[in-house]
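1. One predicted model, sequence on top.
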Amino acid sequence: MVLAFRIMRKFTVISITGGSCSLNCFYCTAKYINSMEPALTPETLKKKIESLYQRGVRGFLISGGFNEKGELPIKPFISTLRELKRKYEDIVFNIHPGLLDLQTIEELSDVVDIVDYEFAYSPKAFYSKGLKERKREDYIKTLEWLIDRGPKYVVPHIMLGLPNDDPYKAIEIIARYKPYLLNFLVFIPTKGTPSERVKNPSLDEVLELMRFGSRLMNGKVSLGCMRPFSLKQELDRIVIKEGIVERIANPANNVVKEFSLKLYDACCSLPEELLPKFKLE
């Protein structure tokens, strides 16, 4: 049974940098973080989370823009998150952290439940970010730290379909570390960014990569929320029908009905033990 995920009422996404990001990824240029709830200070974050919690929200993805070294500036917020974690026993924190140092990862280990880790190791993914003072190998080192010393659940994310990219090696590396889940995103040429003139990736290319990853991960794969609308319905149907994924984010409505998918109000990274509190009836 493939599980389906949509963020609706019980889960939300917060940016601790608002719409600001020091990187200039050619498919984003900060456009994707502009739609997130802003909370630029620890005090604002605390008030926002407490207010949303009182309204029934139980899951929070903490995200935002990165600095030039590819790090989410999370350190000043950790004590606030720890305080809230102790206050609300059923609260769930997910984080999109980037390339954090070991000390920060260790500080997050008892605060954050899930890490959504963008593994931009493949050549095109890495160079498209414009990182400073970084090497591709830093993504492997950070992954090792996260798995060995970080929060319990680490979900690497790999972008598929970037022009002239070869992510096979990145998928192989991820599989060697045996995370509980590998999440695939699909490149979207985005209006207002340098990528807007690039063609959508081909369906066959995306499926070949997902089949490869699913084999190496023994099916512990999810299709994340980022994929071109023009590919969505056919891609969703095929990955479900072939059993390539065990989870899917934001499935097309007719696909939900066709396959009688179970729906959860959360990020698709949510571990199985936390699923019951986010199930949609």
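-> Nice, thanks for sending it over.
2. so where is this protein shaky, pLDDT-wise?
-> 26-32, 190, 192-195 (pLDDT under 70).
3. now with 90?
-> Along the chain, segments meeting pLDDT under 90 span 1, 19-37, 65, 127-133, 164, 188-199, 252, 280-281.
4. Show me the residue at the heart of it, geometrically.
-> residue 116 (4.3 Å; C-alpha atoms, centre = their mean).
5. what secondary structure does that one sit in?
-> strand (DSSP: H, G, I helix; E, B strand; the rest coil).
6. Contacts only, for the closest residue in space to it that isn't next to it in sequence.
-> Excluding its sequence neighbours, the residue lying closest to residue 116 (C-beta to C-beta, 6 or more residues apart in numbering) is residue 96, at 4.8 Å. Any C-beta I mention is one placed from the backbone N, CA and C, and that applies to glycine too. If you count contacts by C-beta atoms under 8 Å, 6 or more residues apart in numbering, residue 96 has them with 61-64, 72, 116-118.
7. Buried ones from these, can you make that a PyMOL selection?
-> Listed next is the PyMOL selection for buried residues among those, using 16 or more other C-beta atoms under 10 Å:
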select buried, resi 61+62+63+64+72+116+117+118
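8. and which of the contacts of residue 96 is nearest residue 179?
-> Distance ranking of the contacts of residue 96 against residue 179, using C-beta to C-beta, places residue 117 first at 8.6 Å.
9. Compute the distance between that closest one and residue 55, please.
-> 29 Å (C-beta to C-beta, to the nearest Å).
10. likewise residue 106?
-> 33 Å.
11. thinking again about what came up before, I figured the residue nearest to the centre of the chain hits residue 270, correct?
-> No: counting by C-beta atoms under 8 Å, residue 270 is not a contact partner of residue 116; they are 10.6 Å apart.
12. joint contacts of these two?
-> residue 94.
13. Would you map the helices across the stretch 101-250 of the chain?
-> With DSSP state H, counting those that start in this stretch as the criterion, the stretch 101-250 of the chain has helices at 102-108, 123-127, 137-149, 168-177, 203-216, 229-241.
14. I'd like those helices laid out as TSV, including mean neighbour count and distance to residue 68.
-> Putting the helices of the stretch 101-250 of the chain into TSV (neighbours: other C-beta atoms under 10 Å; distance: least, C-beta to C-beta, whole Å) gives the following:
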stretch	mean neighbour count	distance to residue 68
helix 102-108	17	17
helix 123-127	18	14
helix 137-149	17	13
helix 168-177	18	22
helix 203-216	18	29
helix 229-241	17	32
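15. Distance to residue 33 added to those helices, as TSV?
-> Converted to TSV, the helices of the stretch 101-250 of the chain look like this (distance: least, C-beta to C-beta, whole Å):
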stretch	distance to residue 33
helix 102-108	20
helix 123-127	18
helix 137-149	20
helix 168-177	23
helix 203-216	24
helix 229-241	20
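16. Of these, which is nearest residue 9?
-> helix 229-241 (22.8 Å).
17. Run the chain-centre distance for the closest one.
-> Relative to its chain's centre, helix 229-241 lies at 19 Å (C-alpha atoms, centre = their mean, to the nearest Å).
18. Also stretch 14-26?
-> Worked out by C-alpha atoms, centre = their mean, stretch 14-26 lies 15 Å from the chain centre.
19. in it, what counts as buried?
-> Buried, per 16+ other C-beta under 10 Å, within stretch 14-26: 14-18, 20-23, 25-26.
20. Select, from these, the two members most distant in space.
-> Applying C-beta to C-beta across these, the maximum distance is between 14 and 26, 25.1 Å.
21. With adjacent residues omitted, what lies nearest to residue 110?
-> Residue 110 sits nearest to residue 82 (C-beta to C-beta, 6+ apart), 7.4 Å away.
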